[in-house]
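K.L.:
next input, structure requested:
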Amino acid sequence: MATQPLHTRICAASPPPIFLPRASASRRSWVPPLRRGPPNRKIIHGRSLNDRILGNKDYAALFKAVIVNEEPDIAFQLVNELKSKGFKPGCDVLSGLMLCYAKNGFFMQAQALWGEIINSSFEPRIEVIWDLMTAYAQMGQFDEITRIVHETTLRNFGFGPEVYSMAVSCFGKAGQLRLMEEAVKEMVSRGFKVNSVSGNAYVKYYSIYGSLEDMEAAYERLKKSRILIEKGAIRAMASAYINQRQFYKFGEFLRDVGLDRRNVGNLLWNLLLLSYAANFKMKSLQREFLGMLDAGFSPDISTFNIRALAYSRMSMFWDLHLSIQHMRYKRVIPDLVTYGCIVDAFLERRLARNISFELGKLNVEASPIMLTDPLVFEVFGKGDFHSSSEALLKSTRQRNWTYSKLLAIYLKKQYRRNQIFWNY
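P.N.:
Sure thing, here's the model as predicted:
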């Protein structure tokens, strides 16, 4: 039986090859290197090895590499080459090119590709819609986000609530509270239920960009919807109360949320302690700390450092000593803030010789770490030792820092600063 030539057999079964456009020297970073050894005849045939010819899978991989490098002109050339060879680009290819255009500011091209996708039989992935909304929000194209929401909802893809939820997050993150409010109202009018993600984002961004009255009204709406406020929204409301120095309202809000919630219990108790420590209400601080223990919650590093900062600022050395001892008993690892509380308290009263006595109970040869909740610094700020050490850790390339080394440098700086030099 006569055998058919290999070249003819492969050409009949394989798709038409794609000849990549020749790129300039600066654009060749995305070109896959040629394999060493014998050429793959399923990909390269009928041409010399110097010709770059790709099959379907290779094209998809190369297109993905171009999208990662965010080169829309090269990606567009590849799509045109694909169409000229009889290939029909799928939804993933069109979506990738659309995102590439949107992230680089080519909005008209991105809109045209979105129209091609939405008016065809393709169903865009929810991740693609989120990336497209995010790109538009970063560029201030909020009308395009609204258009995407409306067109996606009309097509009944099955993820209408998720699209509205993403729009609420995009508008809120950009500080567009009016658009966020309209998106929530439209979401409800279409019969979609406001989920926990949308409700908490609603409260969170009113806390960041709105007034206290707007924030509290948003929180009341969340409660009426029977949605639990989560950690992100709690932290945003806490920051708003702290910035306005409304610590009494802050405490009332925390009690209203419920101090017995196990998933955010430590956060709520720590913030309640912080509301008392901010005004140095030491008896109330101790009472609520004991209440936290009685409720079955275990204090963490932020709990101890909130108390330590208050004791340090009030120069209550015995209470500071007992708090450090309690921390050791609970096997809580101290961080840079803990060491700073001790150093700043003793130096403030010119008791530098006694620092080694208190620090001797801690491991001064450990590497510095930072574990304290950043909300604590919004109330107390950062101490001198903390700020000096943090700047030193960031400014030098030395990697083997210890608390003892940081303390030695800090004490030397303090000694030099306190000296008086007379110029004759």
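
K.L.:
and M370, what helix or strand is that in?
P.N.:
Secondary structure assignment for M370, by DSSP states H and E: no helix or strand.

K.L.:
what is the burial count for it?
P.N.:
Around M370 there are 13 other residues, counting by other Cβ atoms under 10 Å. Just so you know, the C-beta spots here come from the backbone N, C-alpha and C atoms, and that holds for glycine as well.

K.L.:
any idea how far it is from L393?
P.N.:
With distances taken as Cβ to Cβ, to the nearest Å, M370 is found 9 Å from L393.

K.L.:
could you do A308 as well?
P.N.:
Counting by Cβ to Cβ, the gap from A308 to L393 is 20 Å.

K.L.:
which of these two has more neighbours?
P.N.:
A308 (26 against 15).

K.L.:
quick check: that one touching T338?
P.N.:
Yes - counting by Cβ atoms under 8 Å, A308 sits close enough to T338 to count as a contact (6.1 Å).

K.L.:
overlap in contacts of the two?
P.N.:
The contact sets of A308 and T338 overlap at I324 (Cβ atoms under 8 Å, 6 or more residues apart in numbering).

K.L.:
tally of neighbours for G340?
P.N.:
Applying other Cβ under 10 Å, I find that G340 has 28 neighbouring residues.

K.L.:
which ones are touching it?
P.N.:
Neighbour list for G340: K382, G383, D384, F385, H386, S389 [criterion: Cβ under 8 Å, 6+ apart].

K.L.:
which ones are touching the fifth one?
P.N.:
When contacts are counted by Cβ under 8 Å, 6+ apart, H386 touches L336, V337, G340.

K.L.:
for it, which non-adjacent residue is spatially closest?
P.N.:
Spatial nearest neighbour of H386, chain neighbours left out: G340 (3.9 Å); criterion: Cβ to Cβ, 6 or more residues apart in numbering.

K.L.:
in a strand, I227, correct?
P.N.:
No - I227: not assigned to a strand; according to DSSP: H, G, I helix; E, B strand; the rest coil it is coil.

K.L.:
ok, which stretches of the stretch 201-350 of the chain are helices?
P.N.:
Along the stretch 201-350 of the chain, the segments classed as helices by DSSP state H, counting those that start in this stretch run 212-224, 231-243, 247-257, 265-277, 282-294, 301-313, 317-329, 336-348.

K.L.:
can you redo those helices as CSV with distance to F357 and mean pLDDT?
P.N.:
Output for the helices of the stretch 201-350 of the chain, formatted as CSV (distance: least, Cβ to Cβ, whole Å; pLDDT from 0 to 100):
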stretch, distance to F357, mean pLDDT
helix 212-224, 45, 96
helix 231-243, 34, 97
helix 247-257, 34, 96
helix 265-277, 25, 95
helix 282-294, 23, 95
helix 301-313, 16, 96
helix 317-329, 10, 94
helix 336-348, 9, 93
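
K.L.:
closest to L375 out of those helices?
P.N.:
L375 sits nearest to helix 231-243 of all the helices of the stretch 201-350 of the chain, at 5.9 Å, using Cβ to Cβ.

K.L.:
going by neighbour count, list what's buried in that closest one.
P.N.:
Neighbour counts using 16 or more other Cβ atoms under 10 Å place A233, I234, R235, A236, M237, A238, A240, Y241, I242 of helix 231-243 among the buried residues.

K.L.:
how far does that helix sit from its chain's centre?
P.N.:
Relative to its chain's centre, helix 231-243 lies at 16 Å (Cα atoms, centre = their mean, to the nearest Å).

K.L.:
residues contacting that helix, please?
P.N.:
Helix 231-243 is contacted from outside by 200-201, 203-205, 207-208, 212, 215, 219, 222, 229, 247, 249-250, 253, 257, 263-264, 267-268, 271, 274, 278, 375, 378-379, using Cβ under 8 Å, 6+ apart.

K.L.:
just the contacts of G340: which are in helices?
P.N.:
Among those, the ones falling in helices (DSSP state H) are D384, F385, H386, S389.

K.L.:
go ahead and confirm the second one touches Y339.
P.N.:
Yes - proximity of F385 to Y339 meets the contact threshold set by Cβ under 8 Å, at 6.9 Å.

K.L.:
the more surrounded of the two?
P.N.:
For F385 and Y339, the more surrounded residue by other Cβ under 10 Å is Y339, and the numbers stand at 26 against 23.
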